[in-house]
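1. My questions concern the predicted model and sequence given below.
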Protein chains: 2
Amino acid sequence: MTSFREKAILEAAKSVFMEKGYSGARMQKIADKANINKSMLHYYFRSKEQLFGDIIEDMTLNIVAKYSCIIDSEITVIEKFDKIIDEYTDLMVQNPYAPLFLLNEISQNNSKHINTMKAAISNSRSSNKFLKQILKEQKLGLIKSTPSNQVIFTVLSLLVFPFIANSFVKNILEIEDESYTQIILERKALIKTVLRQFLMT
Amino acid sequence: MTSFREKAILEAAKSVFMEKGYSGARMQKIADKANINKSMLHYYFRSKEQLFGDIIEDMTLNIVAKYSCIIDSEITVIEKFDKIIDEYTDLMVQNPYAPLFLLNEISQNNSKHINTMKAAISNSRSSNKFLKQILKEQKLGLIKSTPSNQVIFTVLSLLVFPFIANSFVKNILEIEDESYTQIILERKALIKTVLRQFLMT
DNA sequence: GTCTATAATTTGATAGAC
DNA sequence: GTCTATCAAATTATAGAC
């Protein structure tokens, strides 16, 4: 059971880790954000490493759960992509720094937390099932024949990249938060259009 | 004039920074990789911060130069995108970790180096010119009317994301380096096709 | 220019009183 | 459970001999 305090710590830690990354995050800053004494961090979570691990695990499980739920439903490939585009756009609008953070930490951290994510991902055997469905619909002529990994890459690229580039665009091109969100929301329809062109023509 | 030693240090530092990020990088490791005494790092480059700054500046200038060269040539928008897709794919195949590294450091580092990049980017006034060309060709009916920022986002998404997800895909899905490069090279043609569908139909 | 030794600082973690 | 004081380790940076 997670206490009020624990929740406050987790929330503060998540925001600091996402902003600075694991190595750049400071326990003192997490404590400050949680309005708590630094020692208490070690009381509730033994170490920085463990606090980090808990957050990674939580984020991964959330993402995988949402994905599995969509993938396991009995609808067409394109309908699934549409749902993924809608729901993940909304999720990432709430957590715009999450994608870059996760990709980066996975790339840098050479061990433990990757296993956490691997476990979460391979526990759900949804992915294989989805790849099979893509092949099946391609054979039936419902969608064009393209290597399934290229299909996945294309959807993910269009969907995720704008969030990855969020800070870059805002910092370098000096765009404000609201217009950025606006652009992102406009993209939902655009991505669906591009995807249909890609899969059906 | 950069000596042999300086080059060795810069190369070593670049690889360590790209692998671990600024906060995660260790001066000792850079020294080891450059086969040099740790003190010498401070002799040639005053501090970690400055060493990092020099590398960021160098990488940015390289990227901007290549971009400007393509953008300033007298060819159509689609021809420019084709060239960008070809040349940046090749560049990123050589430096697959550069995109994630740069995006991440810009997002995390709240000051100095962002100005380095801003300067490099705004010194070349190519971007505005290119945006104007897009609008012009849209008015002429050569390409479909879509907000130009969405056009840019779409191209960059398709082009850059696979490199950002490089380590993720390799770590989580356990794909080897060669097949990854293969997928990436296949994508050149695919992206051009998708882009034509997007801009012309 | 190069190396050894060491300073100075940061930072994660703990001991111990309350 | 909470706080203060402090430790121990890691890490950047420098002094100074050669």
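-> Yep, that arrived.

2. Would you mind naming what in chain A lies close to DNA strand D?
-> Applying CB under 7 Å from any atom of the strand, one finds that chain A approaches DNA strand D through A:3, A:5, A:36-40, A:43. Any C-beta I mention is one placed from the backbone N, CA and C, and that applies to glycine too.

3. which ones among these come in contact with DNA strand C?
-> Within these, those near DNA strand C by CB under 7 Å from any atom of the strand are A:38-39.

4. what's around A:Asn171, how many residues?
-> A:Asn171 has 17 neighbouring residues, counting by other CB atoms under 10 Å in any protein chain shown.

5. Now do the one helix or strand it maps to: which elements does it pack against?
-> Using DSSP states H and E, A:Asn171 sits in helix A:166-172. Counting contacts by 3 or more CB pairs under 8 Å, 6 or more residues apart in numbering or on different chains; DSSP states H and E, helix A:166-172 is packed against helix A:177-200, helix B:98-108, helix B:112-123.

6. Can you give me the domain assignment for chain A?
-> A:1-45, A:49-200 (automatic domain parsing).

7. Pull the residues that contact the host helix or strand of A:Lys83.
-> For A:Lys83, the host element (DSSP H and E) is helix A:77-94. With contacts defined as CB atoms under 8 Å, 6 or more residues apart in numbering or on different chains, helix A:77-94 is touched by A:63, A:66-67, A:70-71, A:73, A:75, A:98-99, A:130, A:133-134, A:137, A:142-143, A:155, A:159-160, A:163, A:181, A:184-185, A:187-188, A:191-192, A:195-196, A:199.

8. for DNA strand C, what are the nearby residues on chain A?
-> So chain A meets DNA strand C at A:25-28, A:38-39, A:42, A:46-49 (CB under 7 Å from any atom of the strand).

9. Of those residues - the most surrounded one?
-> The residue in those with the most neighbours, by other CB under 10 Å, is A:Ala25 (20 neighbours).

10. isn't it right up against A:Phe17?
-> Yes - using CB atoms under 8 Å, A:Ala25 is in contact with A:Phe17, at 5.0 Å.

11. which neighbours do these two share?
-> Shared contacts of A:Ala25 and A:Phe17 (CB under 8 Å, 6+ apart): A:Phe52.

12. any idea how far the helix holding A:Lys83 is from the chain center?
-> 11 Å (CA atoms, centre = their mean, to the nearest Å).

13. which other residues reach the least confident helix or strand in chain A by mean pLDDT?
-> When the helices and strands of chain A are compared on mean pLDDT, DSSP states H and E, helix A:112-123 comes out lowest with a mean of 81. For helix A:112-123, contacts defined as CB under 8 Å, 6+ apart pick out A:49, A:52-53, A:56-57, A:60-61, A:64, A:105-106, A:127, B:171-172.

14. now the residues you listed in TSV, with pLDDT and distance to B:Lys112?
-> Listed next are the contacts of helix A:112-123 as TSV, based on pLDDT from 0 to 100; distance: CB to CB, whole Å:
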residue	pLDDT	distance to B:Lys112
A:Glu49	96	29
A:Phe52	97	27
A:Gly53	95	32
A:Ile56	95	29
A:Glu57	94	34
A:Thr60	93	33
A:Leu61	93	37
A:Val64	93	38
A:Glu105	94	23
A:Ile106	91	27
A:Ser127	86	42
B:Asn171	83	31
B:Ile172	81	34
